[in-house]
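> Model the following, please.
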Amino acid sequence: MTIPSAQARDQAETRNLYALTLVVFLSAVAFGSVAPLLPLFIQTLGVTAPDEAAFWAGIAHFASSLGAFFSGPFWGNLADRYGRRSMLLRAGFGGVVVLALTGLSPSVAFLIVMRVLHGTFTGVNTAASALAASQARPGRVGLALGSVQMAFFLGNMVGPLFGGLLADRFGYHAPFFVMSGVLLIDFLLAAFFVREKFTPAASGKLSLNPLSDMHTVLQTAGLLPLLGLLFASRFGGYSLAPIMAIFMQQMTPERAATMAGVALGLMALASALGALVVGRHIASSRHLTVFLVASLVASALFFPQFWVQSAILSIALVGLFGLCQGAMLTCSSSLVSSTVSKGRQGAVFGVVQSATALSHGTAGLAAGTLSVTLGVRSVFVADGALFLAIAAGAWWLFRRNKQKVAFPERA
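Residues are numbered from 1 along each chain as shown. Okay, the predicted model is just below:
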């Protein structure tokens, strides 16, 4: 019996989404394994004071974000011209090379340079999001993006735990080499199993000016305030990675790396669950409302961390925040995607990469600076206040858009 063409398309789309989510999962495992270890890795490069190591870890995160900020719009334009799958492959192979070289770092200065290259040539999650949004049919963009975010967070659940165990047993250089190998496998999976039905964007001169590209995309109606919410919500989550290992040293000094990995891993697992629930079961018309509620709950979860003396209680609060984070990122990504046509998904997610990079870099820098000047615990108070401000911004946007459907999905 011949399978109807519509059913065949559905099955092909589902298989492709499964392959894409696996690619995102493995890349998140690889990158998530090494990111929380940076302050401890830096301590092996001559910076022995924990607070100073946290500060330089913030600088390292900022360096990576600087490369991603300027390269994002350029890669986005290339994606609309030559295909989002090609950008996925570029990002995967870039990670293979950069992580291997980072593991060879002889000094903090070399590490900073590698982090700049990391930001410039990687970005698997962003490339996958653009690919998923451009291939999904109207009405299924939320599901596609929710699946990608779920895979990203699940990878970040496994990654920190695996990285912490590797580091505690084999040293802080080993995870970089192991995860470079994981990314090589991931690159091959993407090359052989991820497909794209690609229609190039309208021809024209390819811009090499990332700021000009960004300005053009930001002129899209309704995009800028949504990017602001996405930026701020990611800022709060990203501020935890540079300081979590140092924070755990105050409570469990003998198992700081492992406990930090558990905390960030649980946050990622909860984020995956939040992303999956929103992507599969919450209509796009409710995304802004869900974002507002999640930001309020996130704020309430951060303030108690200032007084927490139990690592287990701290991990539980971080895990609950993960549910809010997954919901917020899926909602904001879906709303951002809905502001442009499918032919411009690469460009808009290129700007999303820049916004994400800016939040990642400034969050790491701010967290490191706060930990040096006011102590590690001050970061949690600042994040609590931030999510209150995010909730106020979401409420303003909700009131400005009279209908509960913030932005309709565009074909």
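
> after the lowest-mean-pLDDT helix or strand in the chain, next one along is what?
Least confident helix or strand, the chain: helix 210-218 with a mean of 59, by mean pLDDT, DSSP states H and E. Tracing the chain past helix 210-218, the next element assigned as helix or strand by DSSP states H and E is helix 223-238.

> Let me see the mean pLDDT of whichever helix or strand comes after that next one.
Once helix 223-238 ends, the next helix or strand along the chain (criterion: DSSP H and E) is helix 241-249. The average pLDDT within helix 241-249 is 82.

> Quick check: which element contains Gly326?
Per DSSP H and E, Gly326 falls inside helix 311-337.

> Check Val47 too.
Using DSSP H and E, Val47 falls outside every helix and strand.

> Convert the C-alpha atoms of stretch 356-371 to CSV, please.
Written as CSV, here are the backbone C-alpha positions of stretch 356-371 (Å, rounded to 0.1, in the frame of the first residue of the first chain):
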residue,chain,number,x,y,z
THR,A,356,22.4,35.4,23.2
ALA,A,357,26.2,36.0,22.9
LEU,A,358,25.9,39.5,24.4
SER,A,359,23.8,38.1,27.3
HIS,A,360,26.3,35.2,27.8
GLY,A,361,29.3,37.5,27.8
THR,A,362,28.0,40.3,30.0
ALA,A,363,26.4,37.8,32.4
GLY,A,364,29.7,36.0,32.9
LEU,A,365,31.5,39.3,33.3
ALA,A,366,28.9,40.7,35.7
ALA,A,367,28.8,37.5,37.7
GLY,A,368,32.6,37.4,38.0
THR,A,369,32.8,41.1,38.9
LEU,A,370,30.1,40.8,41.6
SER,A,371,31.7,37.7,43.1
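
> Mind listing residues that contact that stretch?
51, 54-69, 72, 119, 126, 230-232, 234-243, 246, 376, 378-379, 382 (CB atoms under 8 Å, 6 or more residues apart in numbering). Where you see a C-beta, it was placed from the backbone N, CA and C, and this is true even at glycine.

> Could I get the average pLDDT for it?
79.

> Can you pull out the low-pLDDT segments for the stretch 251-400 of the chain?
Along the stretch 251-400 of the chain, segments meeting pLDDT under 70 span 340-347.

> where do the strands sit along it?
Remark: no strands are assigned in the stretch 251-400 of the chain by DSSP state E, counting those that start in this stretch.

> So which residues of it form helices?
256-281, 287-302, 311-337, 345-373, 378-400 (DSSP state H, counting those that start in this stretch).

> Let's have the ones you listed in JSON lines, adding mean neighbour count and distance to Gly32.
Putting the helices of the stretch 251-400 of the chain into JSON lines (neighbours: other CB atoms under 10 Å; distance: least, CB to CB, whole Å) gives the following:
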{"stretch": "helix 256-281", "mean neighbour count": "24", "distance to Gly32": "7"}
{"stretch": "helix 287-302", "mean neighbour count": "21", "distance to Gly32": "20"}
{"stretch": "helix 311-337", "mean neighbour count": "25", "distance to Gly32": "13"}
{"stretch": "helix 345-373", "mean neighbour count": "25", "distance to Gly32": "13"}
{"stretch": "helix 378-400", "mean neighbour count": "18", "distance to Gly32": "20"}
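
> nearest to Asp186, of the ones you listed?
Ranking the helices of the stretch 251-400 of the chain by proximity to Asp186 (CB to CB) places helix 256-281 first, at 17.2 Å.

> who does the closest one touch, helix- and strand-wise?
helix 5-34, helix 141-170, helix 241-249, helix 287-302, helix 311-337 (3 or more CB pairs under 8 Å, 6 or more residues apart in numbering; DSSP states H and E).

> Tell me the gap between that helix and the middle of its chain.
What separates the centre of helix 256-281 from the centre of its chain is 12 Å, taken as CA atoms, centre = their mean, to the nearest Å.

> Stretch 324-342 now?
For stretch 324-342, the distance to the chain centre is 13 Å (CA atoms, centre = their mean).

> which residue packs closest to Asn125, ignoring adjacent ones?
Spatial nearest neighbour of Asn125, excluding adjacent residues (CB to CB, 6 or more residues apart in numbering): Phe152 at 5.1 Å.

> Could I get the contacting residues of the one you found?
Residues counted as contacts of Phe152 (CB under 8 Å, 6+ apart) are 24-25, 28, 125, 272, 275.

> Many thanks, we can stop here.
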